[in-house]
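In: Okay, predicted coordinates and the sequence, questions at the end:
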Amino acid sequence: MPRKTLHAIFEQLLAAYGPQHWWPGETPFEVMVGAVLTQNTAWGNVEKAIANLVANGALDAEVIAACPARRLAEWIRPSGYFNIKARRLQNFCRWYLEQGGFEALRKWPTQELRHGLLSVNGVGPETADDMLLYAFERPVFVIDAYTRRLFSRLGMLDGELGYETLRRHFEEELPADVELFKEFHALIVYHAKAACRKRPLCVGCPLAAACPAAGD
DNA sequence: ACCCAGGGTCATA
DNA sequence: TATGACCATGGG
């Protein structure tokens, strides 16, 4: 018996839940704005904030970069942490415009683009990787709390390991396939809400047979 | 009433 | 390097 592979887990999640078609968002820029707004925040609140931006013609890098921080904070209020996120969005948009916008950035090699994104105050590893995968379509695996918890419960890794160590692990064990990475991360998040939260007994969990934590 | 959500920064030791 | 405080709304 070959040991359970990451790809096998992906297949099980896909079979159970179907394709998730992440990231919700009409444009790469909207995806990037959403990535900042969703930091430690439920997606439903982010949708309200983005709807406010759209309603005010403010889902636009120039508008966000130039408008008063107070006004931006008011628009994004439903997403929580509105003062700090207003600053983060402005930091990001100013950097984004300085570099020439999406058409210029899309030509950057992945590693340089990643370092550039991380240089923006308010963009950390997970936010940068969301942007790289879902806006720039680079084969970067996003690590989040759900990923740590799921694979830790499955006994497939140590959830206490650092972000870069875990990201490297996933990227080495899987083929560098953008569509695979997009779906895998989306399925992990969906799974965390749909089934893995139903404790005890992990009722209905499609991974229960492989999960040592099932039945606690 | 409590818990958490598709994190990140900064001060402190 | 490694904790802890802080940010703040909205749904379960």
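Out: It's in.

In: ok, now which ones touch whichever residue of chain A sits closest to DNA strand B?
Out: At 2.4 Å from DNA strand B, residue A:124 is the closest residue in chain A, using CB to the nearest atom of the strand. (Glycine included, C-beta is placed from N, CA and C.) Contact analysis of residue A:124 by CB atoms under 8 Å, 6 or more residues apart in numbering lists residue A:118.

In: Quick check: pLDDT value at it.
Out: pLDDT for residue A:124: 98.

In: Would you agree residue A:150 is in contact with residue A:192?
Out: Yes: using CB atoms under 8 Å, residue A:150 is in contact with residue A:192, at 6.9 Å.

In: the more surrounded of these two?
Out: residue A:150 (23 against 16; other CB atoms under 10 Å).

In: quick one: contacts for the closest residue in space to the more buried one that isn't next to it in sequence?
Out: Distances taken as CB to CB, 6 or more residues apart in numbering place residue A:188 nearest to residue A:150, at 5.9 Å, with adjacent residues excluded. By CB under 8 Å, 6+ apart, residue A:188 lies in contact with A:13, A:144, A:146-147, A:150.

In: got a list of what residue A:150 touches?
Out: A:188, A:191-192, A:196, A:207.

In: From those residues, which one has the minimum pLDDT?
Out: Among those, residue A:196 carries the lowest pLDDT, at 65.

In: was I right about residue A:121 contacting residue A:90?
Out: No: here residue A:121 does not reach residue A:90: they are 10.1 Å apart, not a contact under CB under 8 Å.

In: More neighbours: those two, which one.
Out: Comparing residue A:121 with residue A:90 by other CB under 10 Å, the one with more neighbours is residue A:90, at 19 against 11.

In: Check which helix or strand that one maps to.
Out: If you go by DSSP states H and E, residue A:90 is part of helix A:82-98.

In: got the buried residues for that helix?
Out: Across helix A:82-98, burial judged by 16 or more other CB atoms under 10 Å covers A:82, A:85-86, A:88-93, A:95-96.
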